[in-house]
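> Turn this into a structure:
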Amino acid sequence: MSAPYYQDEHATLYHGDALPALAAMADRSVDCVITDPPFDARTHDNTRSNRNGYGTSGNGNGNRTLSGGSDVRFDAFTHENQLALFAELGRIARRWVVANLSTHTAFRFEVGPPPAGLQVLRVGAWVKTNPMPIISADRPAMGWEAIAYMHREDAKPSWNGGGRAGNYVLPTSQGSGHPTQKPIEMVRDWVRRFTNPGDVILDPFAGTGTTLRAALDEGRKVIAYEIDERWCEHAAGRLSQGVLDLGGIA
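Model (predicted):
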């Protein structure tokens, strides 16, 4: 891995593929993982975006699938890819691994063999108040996204949320053109609930830097990787802000 794309006393962002870097990281070298990896092909091939400027016809109507065609944003992961990735993340994390996942992947992790070394303690939901309508109109639109709350199987879980549920009702955050935007309010809440001040968070799929920004806002340290330099530049701009970032995308 090359020198950091951005670095300060709390945050380190690398431009590059995280997967080789993860293999080189020591066991239990970060406190928590918070991330939004590529989804499976089933989701990518059938998901369209309602983001301005992310349409196929040039009019910004938002009907570009996330994979395929001339506007590929990132490759889908097979289920085997997901199992291997999260086994590695579980090895690296001391405690929690929190991730947005496709419903298909989240429930396969829960009812089938989970990633090696991890247990799925809960599958939560992010209910979107401004979801993209389904183009075919022959069935209900999805309107929500799964959140997998995973923990090392060899450590006793604890968190700062008491008896709270792990569900969120929030709009998608828009403005950058990134196709898989996440509300920073949700990610900040994960940082508060699953980590403690001074902890080190890892995000191997940083996107435009929501986990990075949320970690800094909540007094944590963070290491992140992003393969697309456009989003590295965007994330670095957000990190350089000295006040809380009230918009959010991941």
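> From now on I want contacts and neighbour counts done on CA atoms only, so please keep to that.
Noted.
> Pick out the least confidently modelled helix or strand of this structure, by mean pLDDT.
Here the helix or strand of the chain ranked lowest by mean pLDDT, DSSP states H and E is helix 41-44, holding a mean of 61.
> next SSE after it?
helix 79-92 (DSSP states H and E).
> Show me what that following helix packs onto, helices and strands only.
Here helix 79-92 touches helix 18-24, strand 96-101, strand 118-128, strand 144-152, going by 3 or more Cα pairs under 8 Å, 6 or more residues apart in numbering; DSSP states H and E.
> Tell me, how many residues neighbour the residue nearest to Ala155 when sequence neighbours are not counted?
The shortest distance from Ala155 to any non-neighbouring residue, by Cα to Cα, 6 or more residues apart in numbering, is to Arg95 (7.1 Å). By the measure other Cα atoms under 10 Å, the count of residues near Arg95 is 26.
> Roughly how far does the residue minimising distance to the centre of the chain sit from Arg139?
Here the mean C-alpha position of the chain is nearest to the C-alpha of Asp36 (Cα atoms, centre = their mean), at a distance of 1.7 Å. Taking Cα to Cα, to the nearest Å as the measure, Asp36 falls 26 Å from Arg139.
> Tell me the confidence at the nearest residue to Ser29 once chain neighbours are set aside?
Leaving aside its chain neighbours, Ser29 sits nearest to Ile92 (5.5 Å; criterion: Cα to Cα, 6+ apart). pLDDT recorded at Ile92 is 98.
> check contacts around Ile92.
Leu22, Met25, Ala26, Asp27, Arg28, Ser29, Val30 (Cα atoms under 8 Å, 6 or more residues apart in numbering).
> Repeat the analysis, applying 6 Å as the threshold.
Going by Cα atoms under 6 Å, 6 or more residues apart in numbering, Ile92 touches Asp27, Arg28, Ser29.
> Take these and lay them out in JSON lines including neighbour count, distance to Leu101 and pLDDT.
JSON lines is the format used below for the contacts of Ile92 (neighbours: other Cα atoms under 10 Å; distance: Cα to Cα, whole Å; pLDDT from 0 to 100):
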{"residue": "Asp27", "neighbour count": "14", "distance to Leu101": "23", "pLDDT": "98"}
{"residue": "Arg28", "neighbour count": "15", "distance to Leu101": "23", "pLDDT": "98"}
{"residue": "Ser29", "neighbour count": "14", "distance to Leu101": "23", "pLDDT": "98"}
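> now, which of these sits nearest Ala125?
Arg28 (27.4 Å; Cα to Cα).
> Identify the residues contacting the closest residue to Ala146 other than its chain neighbours.
Nearest non-adjacent residue to Ala146, counting by Cα to Cα, 6+ apart: Ala125, 4.7 Å away. Shown in contact with Ala125 (Cα under 6 Å, 6+ apart): Glu145, Ala146, Ile147, Asn167.
> which strand residues sit across from the residue nearest to the first one when sequence neighbours are not counted in the sheet?
In this case it means Glu145. In this structure, Glu145 finds its nearest non-sequential neighbour in Trp126, 5.1 Å apart by Cα to Cα, 6+ apart. Note on Trp126: beta-bridge partners by DSSP bridges are Glu145, Tyr168.
> got it, and Glu226?
Assessed by DSSP bridges, Glu226 has beta-bridge partners His15.
> so who does it touch?
Glu226 touches His15, Gly16, Phe205, Ala206, counting by Cα under 6 Å, 6+ apart.
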